[in-house]
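*Asks:* Attaching a predicted model along with its sequence, questions to come.
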Amino acid sequence: MGRRREKCDSGCVGIIALDLFGPFDHHAATREIDGLASSIETFGQDMTALGDDLDSGTSASADEAKVQADAAQVQSAAQTVQGDPAPACVPGLRADLNGAASAYSTSAVDATNGINQLSSGNLPVADRDVQSAATAIRQGNGKASAASTDINKFNTSQR
């Protein structure tokens, strides 16, 4: 009761379960954004810890392992988003969510490359890779924010 199935632009019946009295936060896109956000938050915290340890001269081997595990989790979350496209009937959501996933996936690859370079003693390349990862995270954050805005605009238009 209070739910209806929405037709997407592609003509297929979408998976958006709209609550006629509220937002469509039940859709997988919201869960996917949350999954990406959680993965990227942990990833960012562990990258910061790694940087702090490297700056202070403390052993960073435990942080390196955490960052590599986090990077794998980020890539998995990004693949989930890319493998389950957001509905086309929510303007901008598909592109923004895929953009976030792509940027976060790039950040994971860059960080993993940085860890590998760090382990090889190639500090300038490791630093460049980690900086690239940080840039990709910021780009992903911008796209994730845009995806949230897309959902909010859609919810508002359905009231």
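*Replies:* Right, received. Where do you want to start? Since this is a predicted model, take the numbers as computed values, not measurements.

*Asks:* Would you map the strands across the protein?
*Replies:* Per DSSP state E, the chain carries strands over the ranges 3-7, 13-19.

*Asks:* which one of those has the lowest average pLDDT?
*Replies:* Lowest mean pLDDT within the strands of the chain: strand 13-19, at a mean of 35.

*Asks:* what's the least confident helix or strand in this protein, going by average pLDDT?
*Replies:* In the chain, no helix or strand scores lower on mean pLDDT, DSSP states H and E than strand 13-19, which sits at a mean of 35.

*Asks:* Which residue lies nearest the spatial centre of this structure?
*Replies:* Compute the mean C-alpha point of the chain, and by Cα atoms, centre = their mean the closest residue is residue 36, 3.6 Å away.

*Asks:* which residues sit in contact with it?
*Replies:* Taking Cβ atoms under 8 Å, 6 or more residues apart in numbering, we find residue 36 in contact with 74, 77-78, 81, 100-101, 104, 140, 144. For every residue, glycine as well, the C-beta is placed using N, CA and C.

*Asks:* May I see these arranged in JSON lines, with pLDDT as well?
*Replies:* Below are these laid out as JSON lines (pLDDT from 0 to 100):
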{"residue": "74", "pLDDT": "94"}
{"residue": "77", "pLDDT": "89"}
{"residue": "78", "pLDDT": "91"}
{"residue": "81", "pLDDT": "83"}
{"residue": "100", "pLDDT": "91"}
{"residue": "101", "pLDDT": "92"}
{"residue": "104", "pLDDT": "94"}
{"residue": "140", "pLDDT": "92"}
{"residue": "144", "pLDDT": "87"}
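
*Asks:* For stretch 37-55, output the C-alpha coordinates as PDB.
*Replies:* Extracted in PDB, the C-alpha atoms of stretch 37-55 (Å, rounded to 0.1, in the frame of the first residue of the first chain):
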ATOM      1  CA  ALA A  37      30.800   6.300   1.200                       C
ATOM      2  CA  SER A  38      31.600   3.800   3.900                       C
ATOM      3  CA  SER A  39      34.300   2.100   1.900                       C
ATOM      4  CA  ILE A  40      35.900   5.400   0.900                       C
ATOM      5  CA  GLU A  41      35.700   6.800   4.400                       C
ATOM      6  CA  THR A  42      37.600   3.900   5.800                       C
ATOM      7  CA  PHE A  43      40.000   4.000   2.900                       C
ATOM      8  CA  GLY A  44      40.700   7.700   3.500                       C
ATOM      9  CA  GLN A  45      41.200   7.200   7.200                       C
ATOM     10  CA  ASP A  46      43.700   4.500   6.600                       C
ATOM     11  CA  MET A  47      45.500   6.500   3.900                       C
ATOM     12  CA  THR A  48      45.800   9.400   6.400                       C
ATOM     13  CA  ALA A  49      47.200   7.000   9.100                       C
ATOM     14  CA  LEU A  50      49.700   5.700   6.500                       C
ATOM     15  CA  GLY A  51      50.800   9.200   5.700                       C
ATOM     16  CA  ASP A  52      51.100  10.100   9.400                       C
ATOM     17  CA  ASP A  53      53.300   7.100  10.000                       C
ATOM     18  CA  LEU A  54      55.500   7.800   7.000                       C
ATOM     19  CA  ASP A  55      55.900  11.400   8.100                       C
END
